[in-house]
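In: Quick check, what structure comes out for this input:
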Amino acid sequence: MTITYWPIEKITPYDRNARKIPQKAIDKVAASIQEYGWRQPIVVDKEGVIICGHVRWLAATKLALEQAPVHQATNLTPAQVRAYRLMDNRSHEDTAWDQDLLAEEMSELRDLEMDLNLTGFDPQEIDALLLDDDDDRANEVPPLPERAVTNSGDVWECGPHRVLCADATAPEAVALLLG
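Out: Numbering: from 1, shown residues only. Sure thing, here's the model as predicted:
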């Protein structure tokens, strides 16, 4: 496989790319290129149209890079190019994460003081992976009080808001809430 560097403007996005690319994906790949450099080329056909790597190309464009590594797949027929473009985008959807191993990886990266945002996972996903299931406090339910603090029909004022303890489908309860 031959990889050469091409000027960004020489690379043409496929105008019928069926994959929707959210901005956050572009941002993640741009951060990855900044941190790790190029590790995967953009694959183009004989005419320089992207087969695989639209997100990498968009990230390079966002970073105002002048060139990107490219592999030109000159040995594929037009039909193979179209089929491979779909397969490359679809194939990752058939995989799944081993949550235990993923959590272990994240934990070890955290211990190495690596910025976990550079893994491509969202902060909420990282937090969920790093949650210690053995931490009893996280799963603890507080005991019920012996005497209820709120009774049906009580209206609480929370700043500019009013909260009613009642059946929300009962017209008289709604009338009470609305004053």
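In: For the rest of this, base every contact and every neighbour count on C-alpha atoms.
Out: OK.
In: which residues does Thr2 contact?
Out: For Thr2, the contact set (CA atoms under 8 Å, 6 or more residues apart in numbering) comprises His71, Gln72.
In: Assign it to helix, strand or coil.
Out: Following DSSP: H, G, I helix; E, B strand; the rest coil, we place Thr2 in the coil state.
In: how about low-confidence regions in this protein?
Out: In the predicted model of the chain, residues 132-139 satisfy pLDDT under 70.
In: max-length strand in it?
Out: The residue-count maximum for a strand in the chain (DSSP state E) belongs to strand 67-72.
In: count of neighbours near the nearest residue to Thr150 once chain neighbours are set aside?
Out: Spatial nearest neighbour of Thr150, chain neighbours left out: Cys165 (7.2 Å); criterion: CA to CA, 6 or more residues apart in numbering. Using other CA atoms under 10 Å, Cys165 is surrounded by 14 other residues.
In: Would you list the phi and psi of Cys165?
Out: phi -100, psi 100 (degrees, to the nearest 10).
In: so what's it up against?
Out: With CA under 8 Å, 6+ apart, Cys165 has these contacts: Thr150, Asn151, Ser152, Gly153, Asp154, Val155.
In: the strands in the protein, which residues?
Out: 4-7, 42-44, 50-52, 67-72, 155-158, 161-164.
In: Take those and write them to a markdown table, including mean neighbour count and distance to Phe121.
Out: Shown next, in a markdown table, are the strands of the chain (neighbours: other CA atoms under 10 Å; distance: least, CA to CA, whole Å):
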| stretch | mean neighbour count | distance to Phe121 |
| --- | --- | --- |
| strand 4-7 | 13 | 29 |
| strand 42-44 | 23 | 22 |
| strand 50-52 | 25 | 22 |
| strand 67-72 | 21 | 24 |
| strand 155-158 | 12 | 36 |
| strand 161-164 | 12 | 36 |
